[in-house]
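**Q** only geometry, no sequence info:
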C-alpha cells in the first residue's frame with residue numbers, strides 16, 4: 001500500500017514551489033505596482049516607491065521612500081515619507097479583510113521639491129454627472145478663479161504711477177480755462193473797475209474849464225488892479241468887483257478841491273490795489289485747491305489689501321484641503337457599501353442615532369493605530385525645520401462597525417517653534433462631519449507661501465503664528481484662519497525697479513516703512529443654503545489706508561506746488577498787463593493833474609493877495625466901514 005501518491009504529491013510540490021517563488025521574487029514587485037497605481041488614481045499625480053518588502057513569516061510590510069506628487073504643483077510632492085511599516089492580521093485576510101493593528105509612518109514631510117515632473121500622462125477625463133460635484137467644490141472653483149484674477153494684486157503701485165505722471169506732465173491749462181479761475185477774474189474785475197474810475201476821473205478833469213475861469217478872473221483882476229479910489233463911487237465899484245472876485249475865488253477853490261479829490265482818490269486806489277492783490281493771493285490758494293480737485297488723483301481703498309496679499313494663498317490652501325477632505329470622504333464614505341444598498345428607512349420621529357460597535361465583526365479595512373513622525377523641512381524648503389510626532393487612529397471602511405471615528409493628532413515643539421495638527425472624520429452621525437485644525441507658532445513666515453513681489457515686504461526674516469480650521473459638514477464647507485506675522489521688512493535694495501520713476505520707489509518705501517507686524521483673520525464659508533461668504537479683516541488695512549492717504553497728500557502737495565506756481569505766474573502775467581495799462585492811464589491823468597493844481601493854486605493865491613492889498617487901500621482911505629469883510 002502506498003502512503004504517498006506520486007500523482008498528488010508532485011503537482012502539489014510544484015504548485016507550492018511556484019507560489020513560493022512568486023511570493024519570494026514577484027509578489028513585492030506586483031504589490032508595489034498595485035500600490036503605485038492605486039495611489040496615482042487616488043491623488044492624480046505620480047506616486048513613487050523606493051522599495052517594498054514583505055515578510056510572510058510574520059506578515060509584515062516595509063515600504064521606503066514614498067513620494068506622492070502634488071497635482072497642483074508639478075515639481076512638488078504632496079507627501080514625502082521615508083518609511084512605512086505594518087503587520088496585518090492573518091485570519092481576516094482569508095475573508096478578504098485587511099486589518100492592521102499598528103503601523104509606523106516615519107520621516108513624513110510635505111511640500112518638498114522634486115527634480116522631475118509629477119504629471120501623469122494625459123487620459124480621457126470622465127465627465128462629472130449632475131450632482132457628483134458638491135456645492136462646496138463648485139463654489140471653491142469659482143472662488144479660486146476669482147482669487148487668481150483679483151488677489152495678490154497691488155494697485156497702489158499703478159496709482160503711484162498715475163500720480164507721478166500727473167505731477168510730471170501737469171499743466172493747469174489742460175485742466176481748466178485759466179481765464180475763468182477766481183484769481184484772474186478778480187484781477188480783471190479790479191482793473192476794469194480801476195480803469196472805469198480812471199476814465200471817470202479823466203472825464204471830470206476834462207469837464208473842468210479852468211481856462212474860462214482863468215480868463216474871467218484875469219479880466220476881473222486887471223479891472224480891480226486899475227481901480228483908484230478917489231470918490232465914494234469908486235469905493236462902491238471896487239466893492240462890487242471884490243465881491244465878484246471873492247465868488248470867483250470860491251469857485252476856483254472848489255475846482256482845486258475837485259482836482260485834489262481826484263488825486264487823493266488815485267492814492268486811495270493804490271492802497272485798495274494792494275489790499276486787492278492780497279485778496280488775490282488767497283484766491284490763488286482757493287484756485288489751486290479747486291484745480292487739484294478736478295485732477296483724476298486716484299484713491300485706493302485698502303480694506304481688501306490683506307486679501308490681496310494673503311487671499312490667493314489662503315484660498316489655494318482651503319481649496320486643496322477641501323479636495324483631500326472630499327478624497328477621504330470618497331474612500332471613507334458617509335455610508336458603507338452595505339448601508340448604501342439598503343432601502344431608505346421610513347420616516348420616523350426625531351431622535352438621535354447612537355452607534356454601537358458590533359462584537360466579533362470586522363470591517364473590510366481597518367488600520368487601528370498609526371504612529372507618525374516627521375519634519376516640517378525637506379528638499380527645497382526654506383526656514384528652520386521642526387520635528388513632530390503623533391498618531392492616526394481608526395482608518396476604516398465602516399466606522400459604525402467599530403463604533404469609533406477616525407482621529408489624528410500631530411505635535412512638534414522645539415522651544416522656538418510649535419506645530420500642531422488634529423482632526424476628526426465622523427461617520428457615526430446622520431450627516432458626515434470632518435474637522436481639521438492646524439496651528440503653527442514661531443515658524444518662518446516664508447513657509448506660508450505668500451507670493452513675493454517688488455512692491456511688498458519681505459517675509460524672509462519674519463516669524464508667524466498661523467491657526468486654521470476646516471470643517472466639511474455634509475456639503476457645507478467652513479474655514480477660519482488667524483495669522484500674526486512679526487519681523488516684516490521692506491528694503492528697496494535688491495528689488496527690480498528698472499524703468500520705474502524714483503518717486504514711485506520713494507512712495508512704496510514710505511508705504512511700508514515702520515510696518516513690521518500684521519494680523520489677519522480670514523473666513524470662507526460655502527453653505528448650500530446661504531452661498532459663498534468670504535471675509536478678510538486685518539490691521540494692515542487701516543495702517544496702509546492712513547499711510548497711503550499721507551503719501552497721496554504728499555503727492556497732491558507736489559502737484560499743488562506746481563499748480564500754484566503756474567497759476568501765480570499766469571495771474572502775475574495778467575496783472576502785469578492790466579497794471580501796465582492802468583499805470584499808463586493813471587500816469588497820464590496825474591500828468592494832467594499836477595500843472596492844473598499848481599495853476600489853480602497860483603491863481604487862488606494871487607486873488608487872495610490882490611484882495612488883501614485892495615482891502616488895505618480902502619482902510620487907508622478911512623472908508624473901511626463902507627466895505628464888507630472880504631474872504632472871511
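**A** It's in. In this text the structure is predicted, and so the values were computed from the model without any measurement.
**Q** Can you point out the buried residues in stretch 401-419?
**A** 401-402, 404-410, 412, 417-419 (16 or more other CB atoms under 10 Å). C-beta here means a position set from N, CA and C on the backbone, and glycine is covered the same way.
**Q** Residues contacting it, please?
**A** 332, 336, 355-358, 361-363, 366, 372, 376, 384, 386-396, 399, 420-428, 439-443 (CB atoms under 8 Å, 6 or more residues apart in numbering).
**Q** Just the buried subset of these, written out for PyMOL, thanks.
**A** Of the contacts of stretch 401-419, the buried ones go into a single PyMOL selection, burial set by 16+ other CB under 10 Å:
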select buried, resi 332+336+362+363+366+372+376+386+388+390+392+394+395+396+399+420+421+423+425+426+427+428+439+440+441+442+443
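**Q** Could you tell me which of the contacts of stretch 401-419 belong to strands?
**A** Within the contacts of stretch 401-419, residues falling in strands by DSSP state E are 366, 372, 387-396, 420-426, 439-443.
**Q** all helices for the protein, in order.
**A** 6-21, 27-43, 90-93, 135-150, 155-169, 172-175, 182-207, 210-225, 232-294, 305-331, 337-341, 399-402, 502-512, 539-620 (DSSP state H).
**Q** Relative to residue 106, which of those helices is closest?
**A** Among the helices of the chain, the nearest to residue 106 by CB to CB is helix 27-43 (17.4 Å).
**Q** excluding its backbone neighbours, what's nearest residue 564?
**A** residue 288 (4.8 Å; CB to CB, 6 or more residues apart in numbering).
**Q** That neighbour: neighbour count?
**A** 23 (other CB atoms under 10 Å).
**Q** Contacts only, for it.
**A** With contact set as CB under 8 Å, 6+ apart, residue 288 has these partners: 560, 563-564, 567.
**Q** go with 10 Å
**A** 172, 181, 183, 559-568 (CB atoms under 10 Å, 6 or more residues apart in numbering).
**Q** between the residues you listed, which is nearest residue 74?
**A** So of the contacts of residue 288, ranked by how close each gets to residue 74 (CB to CB), first place is residue 559, at 48.0 Å.
**Q** how near is residue 199 to residue 269?
**A** Separation of residue 199 from residue 269 (CB to CB, to the nearest Å): 13 Å.
**Q** I meant to write residue 139 there.
**A** According to CB to CB, residue 139 stands 77 Å off from residue 269.
**Q** these two touch, right, residue 560 and residue 289?
**A** Yes: the criterion here is CB atoms under 10 Å, and residue 560 meets it with residue 289 at 7.6 Å.
**Q** So for these two, which sits in the more crowded spot?
**A** A count of neighbours by other CB under 10 Å puts residue 560 above the other of residue 560 and residue 289, at 18 against 13.
**Q** Report the separation between that one and residue 291.
**A** Distance from residue 560 to residue 291, by CB to CB: 9 Å.
**Q** which neighbours do these two share?
**A** Here residue 560 and residue 291 share the contacting residues residue 567, scored by CB under 10 Å, 6+ apart.
**Q** biggest strand in this structure, by residue count?
**A** Per DSSP E, the chain has its longest strand at strand 73-88.
**Q** and that strand, which residues are buried?
**A** Per 16+ other CB under 10 Å, strand 73-88 contains these buried residues: 73, 76-86, 88.
**Q** now stretch 480-500
**A** For stretch 480-500, by 16+ other CB under 10 Å, it's 480-481, 483-485, 487-488, 490, 495, 500.
**Q** Cross-check the contact I'm expecting between residue 117 and residue 48.
**A** No: counting by CB under 10 Å, residue 117 sits too far from residue 48 to count as a contact (11.9 Å).
**Q** which one of the two has more residues nearby?
**A** Ranked by neighbour count (other CB under 10 Å), residue 117 and residue 48 place residue 48 first, with 17 against 11.
**Q** ok, now which ones touch that one?
**A** Contacts of residue 48 (CB under 10 Å, 6+ apart): 36, 39-40, 65-69, 77, 80, 114, 116, 118.
**Q** what do you get if the cut-off is 6 Å, keeping everything else the same?
**A** residue 67 (CB atoms under 6 Å, 6 or more residues apart in numbering).
**Q** do the same with residue 221
**A** Taking CB under 6 Å, 6+ apart as the test, what residue 221 contacts is residue 610.
**Q** how much space is there between it and residue 243?
**A** 14 Å.
**Q** Also residue 332?
**A** To residue 243, residue 332 is 135 Å away according to CB to CB.
**Q** Which strand residues bridge residue 424?
**A** Residue 424 has these beta-bridge partners by DSSP bridges: residue 407, residue 435.
**Q** how far away is residue 521 from residue 540?
**A** 11 Å.
**Q** quick one, which of these two is more surrounded?
**A** Taking neighbours as other CB under 10 Å, residue 521 and residue 540 compare with residue 540 leading, 21 against 16.
**Q** And for the residue nearest to that one when sequence neighbours are not counted, the neighbour number?
**A** Spatial nearest neighbour of residue 540, excluding adjacent residues (CB to CB, 6+ apart): residue 518 at 4.6 Å. By the criterion of other CB under 10 Å, residue 518 has 23 neighbours.
**Q** Test my guess that residue 518 contacts residue 485.
**A** Yes: in terms of CB atoms under 6 Å, residue 518 counts as a neighbour of residue 485; the distance is 5.0 Å.
**Q** hang on, the earlier thing: which ones among the buried residues of stretch 480-500 are found in strands?
**A** Among the buried residues of stretch 480-500, the members found in strands (DSSP E) are 480-481, 483-485.
**Q** Wait, residue 523 touches residue 478, no?
**A** No: counting by CB under 6 Å, residue 523 does not reach residue 478; the two are 7.9 Å apart.
**Q** More neighbours: which of the two?
**A** residue 478 (18 against 15).
**Q** Distance check, residue 561 against residue 573.
**A** Taking CB to CB, one finds residue 561 at 19 Å from residue 573.
**Q** One more: residue 238?
**A** 65 Å.
**Q** When those two are compared, which one has more neighbours?
**A** When residue 238 and residue 573 are compared for neighbours, residue 238 comes out ahead with 21 against 12, by other CB under 10 Å.
**Q** For that one, give me its contacts.
**A** residue 227.
**Q** and the gap between it and residue 575?
**A** Residue 238 sits 60 Å away from residue 575, going by CB to CB.
**Q** again with residue 505
**A** 40 Å.
**Q** And residue 539, by the same measure?
**A** 52 Å.
**Q** the more surrounded of the two?
**A** When neighbours are counted by other CB under 10 Å, residue 575 comes out ahead of the other of residue 539 and residue 575, with 21 against 15.
**Q** Wait, that one touches residue 187, no?
**A** Yes: if you go by CB under 6 Å, residue 575 and residue 187 touch, sitting 5.3 Å apart.
**Q** about what we covered before: between residue 139 and residue 269, tell me which one has more neighbours.
**A** residue 139 (21 against 18).
**Q** Now stretch 324-331: average pLDDT?
**A** Mean pLDDT, stretch 324-331: 84.
**Q** So for it, what gets flagged as buried?
**A** Quick answer for stretch 324-331 (16+ other CB under 10 Å): 325-326, 328-329.
**Q** closest to residue 601 among those residues?
**A** Nearest to residue 601 among the buried residues of stretch 324-331, with distances taken as CB to CB, is residue 325, at 109.7 Å.
**Q** and that closest one, what is it in contact with?
**A** 434, 472.
**Q** now do 8 Å
**A** Contacts of residue 325 by CB under 8 Å, 6+ apart are 434, 436, 470, 472.
**Q** Make a markdown table from those residues and add pLDDT, neighbour count and distance to residue 99 to it.
**A** As requested, the contacts of residue 325 are exported to a markdown table (pLDDT from 0 to 100; neighbours: other CB atoms under 10 Å; distance: CB to CB, whole Å):
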| residue | pLDDT | neighbour count | distance to residue 99 |
| --- | --- | --- | --- |
| 434 | 93 | 22 | 23 |
| 436 | 94 | 20 | 26 |
| 470 | 94 | 22 | 29 |
| 472 | 92 | 24 | 27 |
